[in-house]
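*Asks:* Sequence and predicted structure are below.
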Amino acid sequence: MNTKEHFFIRFLKDNWIILLISSFNFFILLIPNFFGYYSYAPDEFYFIACSKMLAFGYVDHPPFATYLLSIIRLFLGDSILAIRLLPALANASLVFLIGIITKRLGGKKFAQGLASFAFSIIPLYLMINSYYSMNAFEPLLLTCCVLVLIIIIQDNKPKHWLFLGLIIGIGLINKHTFVVFGVAILIGIILTPLRKYFKNKYFWLGILIVIIIVLPNIFWQIQYDFVSFKLYKNDGTVATPVLMLIPIVAFALNPLVFPICLLGIVYLFFKTEGKPYRVFGWMFLLSFGFFITMDMRRIDRVAPVYPILIASGSIMLELWINKIHKDWLKPFIISILLIGGIFSFLVSLPIFPPKVLHEYAKSIELRSQEYEGSGKTLLMSTIHMHHKLFAVRLGWEAMVKDVASVYNRLSEQDKEKAVILSLDHAEAGAIEFFGSKYNLPMIISTRLNYRLWGYGNATGDLMIVIGSNKEVLDLFFEKVELSGIIHACDYCFYYKENIPIYICRKLKIPIFDLFYFHILYP
């Protein structure tokens, strides 16, 4: 047996529990895609469109996830299974990393298995990684940062600051909000003995690597007048009320896992064993506090920082059980989590057929009418989020068929000059994705990056417009006629029902002005 074989066998022997859990997590995320109940998520159409127009930046996100998707599409195509392979792999890798981190922090087999399994049944991450977006990679990248910092703390390896700089740089070109975690880590370093590395050249070389990686995106932002930050500033997302935030976070993390996160905070700030790793406690508190203070209280904002809390909390729980000599609690806790995990998988993944999901959500809503107060609000917001996550994946190709039926009624002469204008980036992405199948003309949109891509050779002589209304369109076109509607599909989410389709002729103003200076929303 050679050295490599010996290392591999030892690795499997030492980590078989967390490898088994991470493999299970990978398959549990992929398997529902074989059922065929649901289509692509709205943002997936948009990401596919962006992956065909590679650039150093996009209006609403940096380029990393888009480049990854372009590679997947190049080698595996753009089927649902292909583009959701990476999110599933990212989540499974995260499950494995949490086990490794728990082991590095001193956790034994129980703590390692508990941390990995507890993370694998969290609804928030199961939902995030059930479809393709940059959100799938942010927790993995930050957890990689945590692991590198642990190695620096334990082994005093200054050169690892270079790896940390590389990962933080990738994190920033994956999602701009990663800067919050980077700054939180930096402040945590200042507040802990890790500040000694300020005198080390590799620390500053790591920062240089971050700058080099993000420079192309910065230049792109300068070129387009910092369009992304203007979008973020005017983001219309409603912040979760502070008093509702903790209950919602508890549910999103699974009520059975949430206490482990709280134990993680205790471990990092109040236990002697956790003192060397207090930088991670500061990372959590500072980032969590920032998002609350800035009214950015979406539950997924702080999603990247919970893995280290789960690892730390699992160690804390293991230490307590060992201290009181109640080993029977270990299988009991795992059994309880297993039951909670089954529930998490059912509510967080597209397992139910649309009809069953619709009837389930409706029955819960009817039962909740008997109750009042914040508990009802939390219940309804949760059911609404769960229903919407999957219902928005229905009816996209049917929508494109409705648009095609309008286009196909045009004369051959009109078809040659027709373009389709959508006021929604997901609709535009879906029409672009399925358009070749139905021989549709060019699709343009005034939303997000479609606006930057422009209007091609469109003249405004004839536009098929989706999602506006006649009163608005009459201001800009000489002739507007209602030619069809997007029919309500069974169990679709409400905003895709009965959308009008207009044929608009003879634009009254230059198309440039219409595209960049006027809003066609009803």
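*Replies:* That came through, no problem. Numbers count the residues shown, from 1 in each chain.

*Asks:* show me the biggest helix of this protein in terms of residues.
*Replies:* Longest helix in the chain by number of residues (criterion: DSSP state H): helix 3-30.

*Asks:* Now whatever helix or strand comes next after that helix: average pLDDT?
*Replies:* Remark: after helix 3-30, the chain's next helix or strand is helix 42-51, criterion DSSP states H and E. Averaging pLDDT along helix 42-51 gives 94.

*Asks:* Give me the next element, helix or strand, following helix 42-51.
*Replies:* Downstream of helix 42-51, the first helix or strand assigned by DSSP H and E is helix 64-76.

*Asks:* what's next to that following helix, contact-wise?
*Replies:* 47-48, 50-52, 54, 58, 82-83, 85-86, 132-134, 136-137, 170, 173-175 (C-beta atoms under 8 Å, 6 or more residues apart in numbering). (C-beta placed from N, C-alpha, C; glycine too.)

*Asks:* Narrow these to those that are buried.
*Replies:* Neighbour-count burial (16 or more other C-beta atoms under 10 Å) applied to the contacts of helix 64-76 gives 47-48, 50-51, 58, 82-83, 85-86, 132-134, 136-137, 170, 173-175.

*Asks:* Of the residues you listed, which belong to helices?
*Replies:* Short answer: the buried ones among the contacts of helix 64-76 in helices (DSSP H) are 47, 48, 50, 51, 82, 83, 85, 86, 170, 173, 174.

*Asks:* what's near enough to touch residue 404?
*Replies:* Residue 404 makes contact with 438, 439, 440, according to C-beta under 8 Å, 6+ apart.

*Asks:* ditto for residue 161
*Replies:* Residues in contact with residue 161 (C-beta under 8 Å, 6+ apart) are 152, 197, 200, 202, 203, 205, 206.

*Asks:* Can I get the buried ones among those as something I can paste into PyMOL?
*Replies:* Of the contacts of residue 161, the buried ones go into a single PyMOL selection, burial set by 16+ other C-beta under 10 Å:
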select buried, resi 152+197+202+203+206
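
*Asks:* Include pLDDT when you put the contacts of residue 161 into a markdown table, please.
*Replies:* As requested, those are exported to a markdown table (pLDDT from 0 to 100):
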| residue | pLDDT |
| --- | --- |
| 152 | 95 |
| 197 | 92 |
| 200 | 93 |
| 202 | 94 |
| 203 | 95 |
| 205 | 96 |
| 206 | 95 |
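
*Asks:* Taking the contacts of residue 161 together, which two end up most distant?
*Replies:* Distance extremes for the contacts of residue 161: the farthest pair is 152 and 205 at 13.7 Å, using C-beta to C-beta.

*Asks:* For the residue nearest the centre of the chain, which non-adjacent residue is spatially closest?
*Replies:* Nearest to the mean C-alpha position of the chain, counting by C-alpha atoms, centre = their mean, stands residue 135 at 2.7 Å. Nearest residue to residue 135, sequence neighbours excluded (C-beta to C-beta, 6 or more residues apart in numbering): residue 128, at 5.0 Å.

*Asks:* Compute the number of surrounding residues for that neighbour.
*Replies:* 23 (other C-beta atoms under 10 Å).

*Asks:* same deal with residue 507?
*Replies:* 18.

*Asks:* repeat for the one 4 residues further on
*Replies:* By other C-beta under 10 Å, 19 other residues sit near residue 511.

*Asks:* measure it to residue 502 for me?
*Replies:* Residue 511 is 16 Å from residue 502, where distance means C-beta to C-beta, to the nearest Å.

*Asks:* what sits against the closest residue in space to residue 219 that isn't next to it in sequence?
*Replies:* Leaving aside its sequence neighbours, residue 219 sits nearest to residue 56 (C-beta to C-beta, 6+ apart; 6.8 Å). Residue 56 is in contact with 63, 216, 217, 219, 220, counting by C-beta under 8 Å, 6+ apart.

*Asks:* how about low-confidence regions in this protein?
*Replies:* Scanning the chain for pLDDT under 70 picks out 1-5, 235-243, 295-298, 360-387, 488, 493-497, 517-522.

*Asks:* Name the helix or strand for the closest residue to residue 206 other than its chain neighbours, please.
*Replies:* Nearest residue to residue 206 in three dimensions, chain neighbours excluded: residue 165, at 3.1 Å (C-beta to C-beta, 6+ apart). Using DSSP H and E, the element containing residue 165 is helix 160-174.

*Asks:* for the helix or strand just after that helix, packing partners?
*Replies:* Following helix 160-174 in sequence order, the next helix or strand is helix 178-190 (DSSP H and E). Applying 3 or more C-beta pairs under 8 Å, 6 or more residues apart in numbering; DSSP states H and E, one finds that helix 178-190 contacts helix 138-155, helix 160-174, helix 278-293.

*Asks:* cutoff 10 Å now
*Replies:* Counting contacts by 3 or more C-beta pairs under 10 Å, 6 or more residues apart in numbering; DSSP states H and E, helix 178-190 packs against helix 138-155, helix 160-174, helix 201-223, helix 278-293.

*Asks:* what's the angle from that helix to helix 160-174?
*Replies:* On the basis of axes from the mean of the first three to the mean of the last three C-alpha atoms, to 10 degrees, helix 178-190 is oriented at 150 degrees to helix 160-174.

*Asks:* Name the residues of helix 178-190 that come out as buried.
*Replies:* Applying 16+ other C-beta under 10 Å to helix 178-190 flags 178, 180, 181, 182, 184, 185, 186, 187, 188, 189 as buried.
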